[in-house]
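**Student:** coords please:
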Amino acid sequence: MRELPLIVSVLCASAASLRGQEAPGLALSVRGGFETELAVCGARCVELDGRPGDELLVLAEDGAVRTWSVDPATHVFAPEPRGTLVLPDPSHALVATARLLDGDARPALVVADASGVHAWRPLEGGGFGGEPIELLPRYRQRVRVGAPAFAPIAQDVDGDGRDDLVLPNGAELELWMRAGPSNGATSAAHFTKAASVHVEVRHARASSADELSDVLSASLAIPDLFLTDVNGDGRADLVVAEGDRRAYHLVRAGGSIPAAPDVVLDLSIFKDTTPEAVVAPGRTLAGGDATRLETRDLDLDGIPDHVIAHRRKVWVFPGTKDGPQFEKPSAILKAADDVTALALVRLDDDERADLLLFKLQVPSIGAILQGLLREWSVEVECAGYRNKDGRSFATTPEWKSTIEVRLPAILDIARDPNAIVERFEAAGKKFRAPALADLDGDGRQDVALLTEDKTAIEAWRGGAGAVGVGREDEALLKELLFDDREKTWDLERVLAFLGDYAAQRVARVTGGRAAEARFALRDPAKARLLETRACDVDGDGRGELLLEYWLLDSPGRRRFDVLGAR
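**Tutor:** Numbering: from 1, shown residues only. The predicted structure follows:
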């Protein structure tokens, strides 16, 4: 018995030793920062000087382009910017960085404006300046964007590891492919025009009150090209959309993209001859008269298949090694009533996606009149059709249910509509987008989340989980629609579900653990957080978070703080 204290002492000492070997806690602190009086209109963290570590590239409304580089003494951004470049046409400038200049592995600044497409080399001391190099002198970017804007005008479209040019021209995007190096060490690579493809380039226009013809500014949204393998050859093909039209450009073995599409889909020709449904009490609400397209690999052969639906009819088109085909459907289904919405989701235990149809029943006139003064309801019929063989769905639903959605009295909503809006906004704040960075340098992505009240940042070490829609979400959808015995949803249950679902997403990305670090942001009465960027300022393998604030007491001034782990 006299040996017991000795054993306890040894065990305690061993436990203390093990605790000492545990990874240290994660603590966040501001490692440095700076303020700038530049009227910032865009900022990016990008590696520019060829050395490990990211620089901060900033565009100003007057066309100034400045960069902040790491200070070797402090390992954070130096307070003074570098560079001398002022863009000659800031009101039309679309900006990107890309390695387009021969003899220089560092990214150049690529600018498309009303005078063409030009590139500026990085200066030896940092930043950009000097004389521009012509890339495409005849191109014209004619949309007045008001101030320089970052845009995806340099992309590796053909997957050869070299950046190509993707330039807006009216309702089209022009694809200029790299044609090889130039002859001189100070010149740019050559480009050849490969195609002009239709896309939904969105414009917004602002005019003066006196003269509507006097355009003050306009905005331009250039979509990223939709690149995906549509024939299973391992190469990403080009898919473009314009209204009901889809065009598929299949990338060749050598990496070239044909100017004319290999396959064109016109959704407008797929029409159910059933008379168009009207919105009427007691009838199913049709999901509009537009033809819908859903794409997913139904037979798990590595080639995406396509499902087209209009009114009550559904067509299934298997994909082929030669690309999409829309001439020989493997199955045609026709529902008994109009379809409000459809989705391709996994409803059973296999990996093949099944067909899920929704039908919303419009309340009768009597129900609507009663709903003026008291709670009323609408019904949603759900039907799931099993994927039989990857080429067709069962003709009768395997899963069926009717969901009742109870709504507050119409007059109650009309008296105080903001009350409901505010409750949904409060639920929406629970959905937090994560910033991923290896804060402690252990080779695993750590997770940082802004708190719901936007006053602090919380962090978790390692094990960052997926945040997209996955198997868990599909299983949850099946449970809610078909497995749950409670088929009635009122406002309280909807809001509670949104809160629970947001918490589940946070738990998924954080592993369900409590936050390991919490950092209080600047006083919201003095500074408003605009954006959080993940970067590695000094290139040591330990990531940082770059916080960009709008200083409320000094309009126009920005504050950048570098947040790192101790």
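**Student:** quick one: low-confidence parts of this protein?
**Tutor:** 1-25, 102, 171, 180-189, 198-226, 275-288, 463-470 (pLDDT under 70).
**Student:** what domains does the record give for it?
**Tutor:** 42-223, 245-415 (automatic domain parsing).
**Student:** which one of the ones you listed lies closest to residue 482?
**Tutor:** Evaluated over the domains of the chain, closeness to residue 482 peaks at domain 245-415, with 4.6 Å, by C-beta to C-beta. Backbone N, C-alpha and C define where each C-beta goes, glycine included.
**Student:** what's the span of that closest one from first residue to last?
**Tutor:** 44 Å (C-alpha to C-alpha, to the nearest Å).
**Student:** List the buried residues for the lengthiest helix in the chain?
**Tutor:** Looking across the chain with DSSP state H, the single longest helix is helix 491-510. By neighbour count on 16 or more other C-beta atoms under 10 Å, the buried set for helix 491-510 is 494, 498, 499, 501, 502, 505, 506, 508, 509, 510.
**Student:** before we move on, what about stretch 407-425?
**Tutor:** Judged by neighbour count (16+ other C-beta under 10 Å), stretch 407-425 contains these buried residues: 407, 410, 412.
**Student:** So which of those residues sit within helices?
**Tutor:** 410, 412.
**Student:** Backbone dihedrals for the residue lying closest to residue 438 once chain neighbours are set aside, please?
**Tutor:** Spatial nearest neighbour of residue 438, chain neighbours left out: residue 543 (4.7 Å); criterion: C-beta to C-beta, 6 or more residues apart in numbering. The phi and psi values for residue 543, taken as degrees, to the nearest 10, are phi -80, psi 160.
**Student:** still on that earlier bit, sort out which one of the buried residues of stretch 407-425 lies nearest residue 37 for me.
**Tutor:** Proximity of these to residue 37 (C-beta to C-beta) peaks at residue 412, which lies at 50.4 Å.
**Student:** tell me the contacts of that closest one?
**Tutor:** Not one residue lies near residue 412 by C-beta atoms under 8 Å, 6 or more residues apart in numbering.
**Student:** what does the one 3 residues further on give?
**Tutor:** By C-beta under 8 Å, 6+ apart, residue 415 lies in contact with nothing.
**Student:** Renumber starting at 798 from here on
**Tutor:** Sounds good: first residue 798 from here, last item residue 1212.
**Student:** Is it correct that the residue nearest to residue 1235 is in contact with residue 1329?
**Tutor:** No: counting by C-beta atoms under 8 Å, residue 1340 does not reach residue 1329; the two are 11.9 Å apart.
**Student:** Name the residue in those two with the higher neighbour count.
**Tutor:** A direct count of neighbours by other C-beta atoms under 10 Å for residue 1340 and residue 1329 places residue 1340 higher, at 22 against 19.
**Student:** quick one: the more buried one from residue 1031, how far?
**Tutor:** 31 Å (C-beta to C-beta, to the nearest Å).
**Student:** Same check on residue 940?
**Tutor:** 36 Å.
**Student:** Which one of these two is surrounded by more residues?
**Tutor:** Of the pair residue 940 and residue 1031, residue 940 is the one with more neighbours under other C-beta under 10 Å, namely 23 against 9.
**Student:** before we move on, what SS does the more buried one have?
**Tutor:** Under DSSP: H, G, I helix; E, B strand; the rest coil, residue 940 falls in the coil class.
**Student:** neighbours of the residue nearest to residue 1103 when sequence neighbours are not counted, just the number please.
**Tutor:** In space, and not counting its chain neighbours, residue 1103 is closest to residue 1114: 4.5 Å by C-beta to C-beta, 6+ apart. For residue 1114, the number of neighbouring residues by other C-beta under 10 Å comes to 22.
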